[in-house]
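Chemist: 3D model of this:
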Amino acid sequence: MLGICVAVAFALGWLPLYLYRAESMVDALPYYSAAERRWVVLSPIVVAAHMAIACLLVSIAEPPAWRVASGLLLFAAGVAFWFWGRVQISPLRVTRLPAEPPTELRRGGAFRIVRNPLYFGYLVLAAAPALVAARPLLLLTYGACVTTLVIRADQEERRLHAQLGPAYADYCQTVKRLIPFVW
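Modeler: Next up is the predicted model:
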């Protein structure tokens, strides 16, 4: 029963992130190149597949209490970090289009830790159920999540370089892309 409750918590925990996306995918798709469009559509599918498999495995697992607690704390930290970055982009109910450059280059808060705080938040969120279930299959599906989010981060950064120029290049020299203080 604990596994089912934890799996439901992981599944429901993603809802606010989809409700408060920084952009409306449907509105934004026409602004992306064909290659970007493919990854914009594929990345949420890969993350959702990973989470579905992870939640299924968590629901049938009987993990020790320390793994459940660690996973739930990790998940909460991911949600908090995601929201920390998201509110710095714009108010939660406001979305923007990819062609709209940021009103300013953000260097503080979550953007002081990583250049892509929302993607980092997704990676942390996706790692939480994998920690709880501790199944080898989840290493593969998590690896797919990492791959798609790294590609999306790279695509977004190319767009930001074009929109913000040398200021963004300077920022990239001082702040890591996706993993705090590492890469």
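Chemist: do you know how far the most centrally placed residue in the chain is from Gly165?
Modeler: Residue closest to the average C-alpha location in the chain (CA atoms, centre = their mean): Tyr122, at 2.3 Å. Distance of Tyr122 to Gly165, given as CB to CB, to the nearest Å: 27 Å. Where you see a C-beta, it was placed from the backbone N, CA and C, and this is true even at glycine.
Chemist: now swap in Ile60 and tell me
Modeler: In terms of CB to CB, Ile60 sits 51 Å off from Gly165.
Chemist: now swap in Ala11 and tell me
Modeler: 41 Å.
Chemist: which of these two has more neighbours?
Modeler: Ala11 (16 against 12; other CB atoms under 10 Å).
Chemist: buried sites along the longest helix seen in the chain?
Modeler: The longest helix of the chain (DSSP state H) is helix 136-164. Residues 138, 141-142, 144-146, 148-153, 155-157, 159-160, 164 are the ones in helix 136-164 that count as buried (16 or more other CB atoms under 10 Å).
Chemist: give the next helix or strand downstream of that helix.
Modeler: helix 166-174 (DSSP states H and E).
Chemist: please point out which parts of that following helix sit buried.
Modeler: 168, 171.
Chemist: mind listing what the residue nearest to Val150 when sequence neighbours are not counted touches?
Modeler: Sequence neighbours aside, Leu178 is the residue nearest to Val150 in space, at 6.5 Å (criterion: CB to CB, 6 or more residues apart in numbering). Residues counted as contacts of Leu178 (CB atoms under 8 Å, 6 or more residues apart in numbering) are 114-116, 119-120, 123, 149-150, 153.
Chemist: could you do Ile179 as well?
Modeler: Neighbour list for Ile179: 114, 120 [criterion: CB under 8 Å, 6+ apart].
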